[in-house]
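J.: build me a structure from this.
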Amino acid sequence: MAIREGTRFALQDDLAKSEIESDAKNAISAIHSQDLLSDGPIISDIIVNLRMLGNIVCNYIPRDRNKTAHNLAFFALNCLVSSCGLETPYCIFHDVMLEAPLY
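T.: Just a heads-up that it's a prediction; the model follows:
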């Protein structure tokens, strides 16, 4: 569901993304299969969204290497108010800074 919502958000807000990382190994495998009929409606939606977005790479990444996304999902599940923002939430600021490339 998170991958579908992320791709939907990227389409709605015209965001260009080059990579999707997820610790949902089965979901990434299903996306790579590109089988719209046998993988169900959520995977089909994701595949359609990815095709509309263009050249997007989808990779499996273990949860222990995907801590920022895990913390952000936990934050979102515990929010009292539904919101959308493009700034970095305080709860993951440290993780984002550790992952940011140094130039």
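
J.: domain ranges for this structure, per the record?
T.: Per the TED database, the domain ranges recorded for the chain read 1-61, 63-102.

J.: out of these, which is the most enclosed?
T.: Ranked by mean neighbour count, the domains of the chain are led by domain 1-61 with a mean of 14 (mean count of other CB atoms under 10 Å). C-beta coordinates here come from the backbone N, C-alpha and C atoms, glycine included.

J.: sketch out the strands for the protein, chain order is fine.
T.: Taking DSSP state E, the strands of the chain run over residues 19-22, 57-60.

J.: closest one to Ile47 among those strands?
T.: Each of those has some distance to Ile47 by CB to CB; the shortest is strand 57-60, at 9.8 Å.

J.: pull up the pairing partners for the closest one, direction included.
T.: Strand pairing for strand 57-60, using DSSP bridges, gives strand 19-22 (parallel).

J.: about what we covered before: mean pLDDT for the strands of the chain: which is lowest?
T.: Looking over the strands of the chain, mean pLDDT reaches its minimum on strand 19-22, with a mean of 85.

J.: list the contacts of it.
T.: With contact meaning CB atoms under 8 Å, 6 or more residues apart in numbering, strand 19-22 is reached by 2-3, 6-7, 28, 56-61, 66, 69.

J.: so which of these is the closest to Leu77?
T.: The closest of these, once distances to Leu77 are taken by CB to CB, is Ala2, at 10.5 Å.

J.: shaky segments in the chain?
T.: 17-18, 36-39, 80-94, 96-103 (pLDDT under 70).

J.: which one's the longest helix in it?
T.: Secondary structure of the chain read by DSSP state H shows that its longest helix is helix 41-53.

J.: just checking, what packs against that helix?
T.: When contacts are defined as 3 or more CB pairs under 8 Å, 6 or more residues apart in numbering; DSSP states H and E, helix 41-53 packs onto helix 2-12, helix 25-33.

J.: what about those helices, which gets the closest to Asp95?
T.: Asp95 sits nearest to helix 2-12 of all the helices and strands packed on helix 41-53, at 16.5 Å, using CB to CB.
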